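Colleague: Here is my input; please provide its structure:
(one chain, ligands or ions: 1)
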Amino acid sequence: MRSSPKTRPLQNTVLVAAASRHGSTAEIAARIGYRLSENLPYATWRIDVLDSDSIDSIKDYDAVVLGSAIYLGHWLKSAKRLLDRTDVAPRLGLWIFGSGPANDGPPDAEPVAVAVNAAARLGAKDNVIFSGRIDLSSLGHIEHVLTNAMRVAGGDFRDWDLVDAWANDIARKLLSATPKGEQRKAVRQP
Ligand SMILES: Cc1cc2nc3c(=O)[nH]c(=O)nc-3n(C[C@H](O)[C@H](O)[C@H](O)COP(=O)(O)O)c2cc1C
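Modeller: Okay, here's the model as predicted:
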């Protein structure tokens with residue numbers, strides 16, 4: 001019989017998953033994964049960075065960082081689906097991020113309902129919005145029409161220092177939340 005997240009021993013598995021249409025949110029997820037791997041000892045932690053399209057569930061991970069690009073006020077389907085399918089937060093915590101606002105100001109996008117509701121329901125450790133990137137040359141026809149109508153100039157507004165600080169803080173929290181004995185028991189799988 002498969003053990004539930006609460007009863008199986010910690011394996012120190014961390015998932016960083018994101019839904020991205022034009023790649024910039026995937027790059028934020030990759031950066032978070034990289035910072036986590038710098039901070040969490042390789043021998044005792046496994047960090048998977050995946051496209052949310054490629055997974056059905058987050059339940060096999062001890063900690064999860066899940067994000068999505070924001071389009072017209074919504075998360076992309078594959079990341080939303082993962083949140084909808086999750087009943088219990090991962091044992092070491094759930095962190096949520098959206099990536100959207102593409103302007104010079106602070107990331108002041110309207111909170112996205114699916115993220116806010118899931119954060120409350122699952123007791124997420126954090127739910128943040130990072131500034132994003134709009135590359136006008138890569139947009140499809142409808143996106144062009146929309147961005148023209150909204151007079152969006154495009155550009156890369158991602159704040160890597162902010163992303164790094166957020167990821168480093170997650171790593172600190174994971175290290176301090178992990179019982180020392182369980183850290184020693186966990187072995188990284190190939
Ligand atoms: C058609 C369109 C609609 C968008 N709508 C929003 C929005 O409602 N809120 C927001 O914060 N950003 C919005 N954005 C900005 C994107 O979220 C931003 O470009 C993001 O970085 C894209 O991520 P991706 O490269 O991973 O697809 C929109 C962009 C486009 C092209």
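Colleague: can you pull the pLDDT of L174?
Modeller: L174 is assigned 97 on the pLDDT scale.
Colleague: ugh, wrong one, L10
Modeller: L10 is given a pLDDT of 89.
Colleague: Can I take it that L15 is in a strand?
Modeller: Yes - counting by DSSP: H, G, I helix; E, B strand; the rest coil, L15 is part of a strand.
Colleague: Pull the contacting residues for the closest residue to it other than its chain neighbours.
Modeller: Spatial nearest neighbour of L15, excluding adjacent residues (C-beta to C-beta, 6 or more residues apart in numbering): Y61 at 4.1 Å. Any C-beta I mention is one placed from the backbone N, CA and C, and that applies to glycine too. With contacts defined as C-beta atoms under 8 Å, 6 or more residues apart in numbering, the neighbours of Y61 are T13, V14, L15, D48, P90.
Colleague: neighbours around the second one, how many?
Modeller: Using other C-beta atoms under 10 Å, the number of residues around V14 comes to 27.
Colleague: what does the last one give?
Modeller: Neighbours of P90 under the rule other C-beta under 10 Å: 23.
Colleague: where's the residue nearest to L15 relative to N117, distance?
Modeller: The gap separating Y61 from N117 is 21 Å, by C-beta to C-beta, to the nearest Å.
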